[in-house]
Each structure stands twice: as structure tokens, then as C-alpha cells.
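Colleague: Starting from these lines, generate the structure:
(2 chains)
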Amino acid sequence: MGKVYLGVLKGLLKITLILLAGFGVLYLLKNILPPAEDGYRQFPVLGSRVWVWVVAQLHLNFAAFVLGVPIFTVAMEFIGWRKKDERLDRIAHDFAKLFTLAYTLTAVLGAVLMVSLPILYPKFIDYLVKILGPTWWVYIGLMYLEVLFCYLYFYTWGKIGKGTHILLGVLLNVFGTLLLLVPNAWIGFMTTPGGVTETGELVNRWEAINTYMWIPLFLHRLVANVVFGAGLGAAYAAYRFITAKTPEERAYYDWMGYISSLIAIGFLVILPPIGYLLGVEIYAFNEQMGIQLMGGFYAWLWVMQAILIGAILLFVNYYLWVSLNKMPGGERYFKYVKFLFVIVILGYAVWLTPHSVALSLEEARRIGAYHPFLGKLGVMAAKNTAVTISFLATFLSYEIFRLSNKEPTVSWAGIGKALRVIIMVGSSLALIGLGVYSYMVPAVVRVKVLSPIQFGIFFATLIVLYILDTLMYRNAKVIGEPRWGQMPERSQYALIAMMVTFTWLMGLMGYIRSGGRQYWHVYGIMKDTSPDAYLPTHGFACLVISAVTLIFFALIASLFWSVMRYERLGGERA
Amino acid sequence: MSGVIRLVIVVLAINGFFTYIGLFLLPQAESHPPKEVKIEEGITVEELIEIGKNIVFGKGQCMVCHPVKEETGMRAPAISTIGALMEREAKERGIPFEEHVFEALVAPGNYVSEGFANIMPPVHKPPIGLTKEEIVAVAAYLQSNGSKVTITFPESLKILEEVLKKTGG
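Modeller: Presented below is the predicted three-dimensional model:
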């Protein structure tokens, strides 16, 4: 156990040193730099906004990873323990290595952000500390607890009883989840402030924490962190598959990639309704902010969002379709792939069609502000339908893959298969019918009644189909075991492409959410009067997001290399 | 070519593809914070209406919710007929037309047009934060959409100040 204590102590010391270094640099810079008379200092060359934007997004990406991955890691360890499945235990251990090593990078980026904000935006940070100051100390306390349990969880792997070890993992997740609540309270206050007077004086600190946005944003991030973390797990597995030297290694990382992408997409499915909840709260706080976010300056960036999520679905479907090759009996389903492809492409096309298109003046005079046909596809009625149908097709791809090497033996298999078709076709028709009907009703009915019904039908279909298939394939005849590792290399690039797109998506949505405040540090309370108090062009925003993605991948490559070095050196010496 | 190099190419290509869309296929414009509009004494009604129109379509962010023409499912009354609507409402309430228009801008929750939800923020408070002069110009523009313009500058400022006092603004 001596090594465990040493490891945990080293981890805590490392975080303390990073934090102390941050405070030290902050103290020095405050004393060296001239006072910020107008409340701002400019970061050289890049400008303060771009610098903080890049650092904050990178920190957030790593934080998403270290907070999201432990959630399913502990779940996998638990299932592996109960089912006596050593593969699940191994994959959980691999994930634990990844997120433990990622902590250092997360903390370094956090310290850079901790120095940058008060130096570059002193007036704004002073105000935020005045309102929410005590939460900062809660954040530090929770961070220490989280780090403590992270290192305990990692270093005690295989050295203590499984039940106790899983309990450590649960505690790690409890503190991680509590930690996530704190920065979301800061962002919630900045975007949908409460608990202060019109001039910004504090009236009630709890109301300043418990704002409209706080919990929905927290939930959205919690789930998105799992998606992001699992996506990164899939990318890691793909990287290890590509560089694997033995068939055993290839088989293991093929399986790890499959499990990770399954978790990523499984959790991605529940993001739209949580996003809807977040939207509802923003609208409840300020209708104009909601509309500005969804359809004002940012309308085109939502088209970009559709391009990204549609691309993710295409990559995942492609991966699942290629995966049919390794399933004995999978060839029976090849004929359905082309239909699924057409459905996913059609859904994608509708989803990314904008409401208004860039027109010449002459074209605008001829057809009006909106294209007579395409304009109708650019509204919520069409998009909700396209999204749910595309996700439904993806679920079907997954079910086909999952069951392709089995043949049901229950007496009612024929009826079950017919029922499956009826449910699938019936729910698709219902989704399309509701989508068409949405054009004929007022906005309030469309948003508050028909959209939730569409999502309700979608989720009900997934649940019913999953239960039906599970019952129908109980004691099914297995045609053959999956040939893990026998996948063409191109399938792994689909997983890498999925993760690049996830990272882009995180950057884009973070920008939209932050830009919703427009030229306010705290919406309606504290104006941004810096030279950066404007929204840049979409192209500029995309360049920054792209740069963040590339830097993130460079850092991730170093993380993967560290994990492989750790394994090569046998763990202890690394 | 080794797998790692191919992997790097995939990352760069996908990233480059999305960046290309953002740079070359999306419309490019910056959005700057609005500037305060200065209105001087002696301005004609036509000039006042023009300033009001610019605020409604810009700084005031009115068009976020109000459509120009009536349409199914609209969140707020259409701008093109809003003067006539407000004149009718003022008569129903038995208050002067000018007072009703100003009240609709600074205390919109006091009277909500039939068939609509109470979603409008007071325009003199943040985040919109119009000045009194700007509110007078907007009110004149609203009247000009289907009704006679009775609001002038600086004469109508007094009515606005009374409304603000009455509504606690």
C-alpha cells in the first residue's frame, strides 16, 4: 500500500504546485503590469478575447473528458465485476489510465485560465468574485476531493477489494458531479443573472447561484461530457487498433472502439431533449435572448451544428455498416444498408437546409426572402422530423449489427419481426405526420406541444423496440461469435472523424452559448466595453474553433503517447 | 504510408472541411453593439419616424419577435399594422393614444394585446436600454404604421415621463 500512498501524495502535490504556481504568476503579473484603468488589459497579438476563448475551450474539453469518462468507467467496472467479465474490467482500467493522466493537462490549462481572466478582465472578475466569491473556495475544495479520489481510484486498482474500489469510483463521480455544478453557476449568472438589483448590487447570493440556466446547463454538460469522453475513448481505441502489432491487441481495441462509440451515441441521443429544456429556461428568462440565440445572428451557426451532428451520424452509421462484415450472418443484412443510407442522407439534407439562402438581389426579387420549397425545410417543423428520423435510422443500424449473428428461436419470432416493422414504420409515419401538422399551428403549440410529442414518440420507439428485440432474441441461436479485430482500417478512421467532429461541435456550441450574451459580461447588468465587445464573423469564429480542435488533438496525441509509455514501462516507472 | 500519418491526414482533412464551410459558405458579418441615437429639437415628424424605424429594425431588436406583416403563429403583433391596433386598444382602454403607446414600450406587461403572451421586455431597461429620446422616435414610428402620428419631439417627452412615473419606471 506504500506505493498507493506515494502515488496519491504525488498527485495531490502536483495539483497543489500547479495551483500555487498559478497564484504566484497572478500575484507577480498584478504587480508588474500597469493598472487597467478602463477595466481591461490586452493580450499581445491575439487579443484578450481570442486568448481566453482558446484557453477556456481547451480547459473545458479536458475537463469534459476527466469528468465524463469516470462515470461510465465505474459502471463498466461494476458490470465487469458482477458478470465476471475480465474484458470489461480491462477496458475500465484503460479508461482510468487515460483520465488520470489527463488530470495534469486539465489542471495546467485551468491554472492558465485562472491567471488570464483576472489579469485581462480585472473589473469583470472583481464583480464576479463580489457576487459569487464563496463558490470559488467550494470549487477548490471539491477539486481537491475529486483529485484525491481519482488518484486513489487509479492507484488502488487490483490492490483492494473490488467492492471498496468501486465505492472509491462512485465517490470520485459524486465529487466530480458536484464540481461541475460550480462553474455552471458562474456561467448561469453571467447569462441569465438573478439575485442582484438592476444596477448589479447583490440581493440574494443563492438566487445569484440558482439562476434559470444553472441546472439545465449542468445537465446538458454532464451528458455531453459522457458523450465527449466516450468519443475520445473510441478515438484512443482506433489509434491503438491502427498501431496494434498483434491480432489479440487488434481484437481488444476493436471491441473497445465499438463499446466507446456505442456509449457516445447512446448518450448523444438524450442531448436534444436536455438541450430543449435548456432552451425553455433561456426563453423563460428572456424571450429575446432565446430568439436571438436560436434564430438571430446565430441562425447560420445552427446550420453548421446540423452539418456537424449529421456528419457524426454518418460516421457512426458507416462504422456500424462496415462492422457487419465481422459478424457471422451479417451479410444477410447488407441489402438493407442502402435504404438506411438513403434515409440518413435525406434526413441530413433536410437538417442542414437553411431557412433563408444567400441570394442575389435579382433572385430575391423573383422568389422572395425564402426559397419557395427549400425555405420550408429550414424551419423547426422539418428539422425536428429529420433529426428524429435520422436518429431512428441510426438506432436501426445498431440493432441490425447487435443481432446480425443471431437467429431467434421463440415461437412468436415471425409475429415479433412483423411487429418490429409495424412499430418502425408506424412511428416514422407519426413523426412525419406531426412534422407536417407543425406547419399549420401557432409557434407556441409547435414548440410546447408537438415537439415534445415528437421526441416522446422517438424515445418510446427506441425503448419498445429494444425490449421487443431483447425478448425475441432470448436464447437465440448464435450463428457465430463476432470476429473482433477483423475490421478494415478505414472503419477506425470513421471513429477518429467522429471525435474530430465532436470536438468541433463542443467548440461551436460553447461559442453560441457564450455569444448569446452579445456585448454583455453579465447580461443586462454589466456591459462589455472592451475593444472586443462585438460578435466576430462566422468565418473568424470557425477559424478559432478549428485552431482549438487542432491544439486539442495535438495535446491528446501526447496523452495517448503517455499512456502507451506508461504501459511500456510497466506502470510504475512511468 | 503508415497508419499514424493517415490518421493525422484524416484529422486535418475533417477539420479543414468544416473550417472551409465556416469561412466560405456561411454569410460573413460582424455584429456590433448599438450606438446611442442623438435627437435634437426642431426635428420633423418624418425624420423622427425614420429614426424610430431604424431603432425598431436595429438597436431595439423589435423584429426578433414582431414580424413585418401578419403571419400564422406570430409571437407578437405585426409591425405594418401596429399603429392601427394600438389606436383601437387605446380607445378600448379609454386612455390617450400616446399614453398607450408609451406604456406598451416601458411597461408592456400592463396591457397585453389579445392572443399574445406577455413576453416583451421594457425597452428603457437593459439589455435593450433605449433612451427617452429614442423611445419617442420608436413611438412615432409605431403610430405611423396604420394610424395618425401624434407624437412629436420634444413635446411628447412629458407624456413619456408621466407614464414612466406612473408605471414606476
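Colleague: what's the neighbour count on A:Asn405?
Modeller: The local packing of A:Asn405 (other C-beta atoms under 10 Å in any protein chain shown) involves 21 other residues. For the C-beta atoms, the positions are set from N, CA and C on the backbone; glycine is no exception.
Colleague: next one: phi and psi at it?
Modeller: Per-residue torsions, A:Asn405: phi -100, psi 20 (degrees, to the nearest 10).
Colleague: now it: how far from A:Glu248?
Modeller: Distance, A:Asn405 to A:Glu248, by C-beta to C-beta, to the nearest Å: 21 Å.
Colleague: A:Asn225 now?
Modeller: Using C-beta to C-beta, we find A:Asn225 at a distance of 31 Å from A:Glu248.
Colleague: Repeat that for A:Leu320.
Modeller: Separation of A:Leu320 from A:Glu248 (C-beta to C-beta) stands at 24 Å.
Colleague: and the two? which has more neighbours close in?
Modeller: A:Leu320 (26 against 11).
Colleague: Give the helix, strand or coil label for the more buried one.
Modeller: For A:Leu320, the assignment made with DSSP: H, G, I helix; E, B strand; the rest coil gives helix.
Colleague: On the pLDDT front, check it for me.
Modeller: The per-residue pLDDT reported for A:Leu320 equals 96.
Colleague: wait, it sits on A:Leu396?
Modeller: No. Using C-beta atoms under 8 Å, A:Leu320 is not in contact with A:Leu396; the gap is 9.6 Å.
Colleague: For the chain, give me the ranges with low pLDDT.
Modeller: You didn't pick a chain, so chain A it is. Along chain A, segments meeting pLDDT under 70 span A:1, A:295-296, A:356-372, A:570-574.
Colleague: Oops, wrong one, chain B.
Modeller: Those would be B:1, B:73, B:169, if you go by pLDDT under 70 across chain B.
Colleague: mind listing the helices for it?
Modeller: B:3-20, B:45-57, B:82-93, B:97-106, B:132-143, B:157-166 (DSSP state H).
Colleague: got those as CSV, with distance to A:Ile119 columns?
Modeller: Formatted as CSV, the helices of chain B follow (distance: least, C-beta to C-beta, whole Å):
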stretch, distance to A:Ile119
helix B:3-20, 30
helix B:45-57, 38
helix B:82-93, 49
helix B:97-106, 40
helix B:132-143, 37
helix B:157-166, 41
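Colleague: Next up, the contacts around the residue in chain B that chain A sits nearest to.
Modeller: In chain B, the residue that lies nearest chain A is B:Gly22 (2.5 Å; C-beta to the nearest C-beta). Neighbouring residues of B:Gly22 by C-beta atoms under 8 Å, 6 or more residues apart in numbering or on different chains: A:304, A:538-539, A:541-543, A:545-546.
Colleague: Over to the spatially closest residue to it that is not a sequence neighbour: give its phi and psi.
Modeller: Closest residue to B:Gly22 apart from its sequence neighbours, by C-beta to C-beta, 6 or more residues apart in numbering or on different chains: A:Cys542 at 2.5 Å. Backbone torsions of A:Cys542, given as degrees, to the nearest 10, read phi -70, psi -30.
Colleague: tell me, how many neighbours does B:Leu23 end up with?
Modeller: Counted with other C-beta under 10 Å, the neighbours of B:Leu23 add up to 16.
Colleague: excluding its backbone neighbours, what's nearest it?
Modeller: Excluding its sequence neighbours, the residue lying closest to B:Leu23 (C-beta to C-beta, 6+ apart) is A:Gly539, at 4.2 Å.
Colleague: One more: B:Gly168?
Modeller: B:Ala107 (7.9 Å).
Colleague: Give me the buried positions along the helix or strand harbouring A:Met499.
Modeller: Per DSSP states H and E, A:Met499 falls inside helix A:489-515. Buried residues in helix A:489-515, counted by 16 or more other C-beta atoms under 10 Å in any protein chain shown: A:491-513, A:515.
Colleague: At the contact with chain B, which residues of the stretch 401-550 of chain A appear?
Modeller: Contact residues, the stretch 401-550 of chain A versus chain B (C-beta under 8 Å from any C-beta of the partner chain): A:440-444, A:446, A:489, A:493, A:496-497, A:500-501, A:504, A:518-520, A:523-525, A:527, A:533-539, A:541-543, A:545-546, A:549-550.
Colleague: Which of those are buried? Put it as a ChimeraX command.
Modeller: To isolate the buried members of these in ChimeraX, using 16+ other C-beta under 10 Å:
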select /A:446,493,496,497,500,501,504,518,519,520,523,524,525,527,533,535,536,537,538,539,541,542,543,545,546,549,550
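Colleague: Inside helices: which ones of the residues of the stretch 401-550 of chain A next to chain B?
Modeller: A:443-444, A:489, A:493, A:496-497, A:500-501, A:504, A:538-539, A:541-543, A:545-546, A:549-550.
Colleague: one step back: what's the separation between the residue of chain B closest to chain A and A:Gly507?
Modeller: For B:Gly22, the distance to A:Gly507 equals 11 Å [C-beta to C-beta].
Colleague: what residues are shared contacts of the two?
Modeller: Residues touching both B:Gly22 and A:Gly507 (C-beta under 8 Å, 6+ apart) are A:Ile545.
Colleague: how about the nearest residue to the most centrally placed residue in chain B, chain neighbours excluded?
Modeller: With distances taken as C-alpha atoms, centre = their mean, the residue of chain B nearest its centroid is B:Cys62 (2.0 Å). Excluding the flanking residues, the one nearest B:Cys62 by C-beta to C-beta, 6+ apart is B:Val56, at 4.5 Å.
Colleague: Next: B:Phe57.
Modeller: Closest to B:Phe57 by C-beta to C-beta, 6+ apart is B:Met63, at 5.8 Å.
Colleague: Quick one: residues contacting the one you found.
Modeller: B:56-57, B:79.
Colleague: and the residue nearest to B:Leu23, what is it in contact with?
Modeller: Residues in contact with A:Gly539, defined by C-beta under 8 Å, 6+ apart, are B:22-24, B:26, B:28.
Colleague: Give me the distance between the two termini of stretch B:19-38.
Modeller: End-to-end span of stretch B:19-38 (C-alpha to C-alpha, to the nearest Å): 41 Å.
Colleague: what's the distance between that stretch and the middle of its chain?
Modeller: Distance of stretch B:19-38 from the chain centroid (C-alpha atoms, centre = their mean, to the nearest Å) equals 19 Å.
Colleague: Return the set of buried residues in that stretch.
Modeller: B:19, B:21-23, B:26, B:31, B:34, B:37.
Colleague: Also stretch A:429-449?
Modeller: For stretch A:429-449, by 16+ other C-beta under 10 Å, it's A:430-432, A:434-435, A:438, A:446-447.
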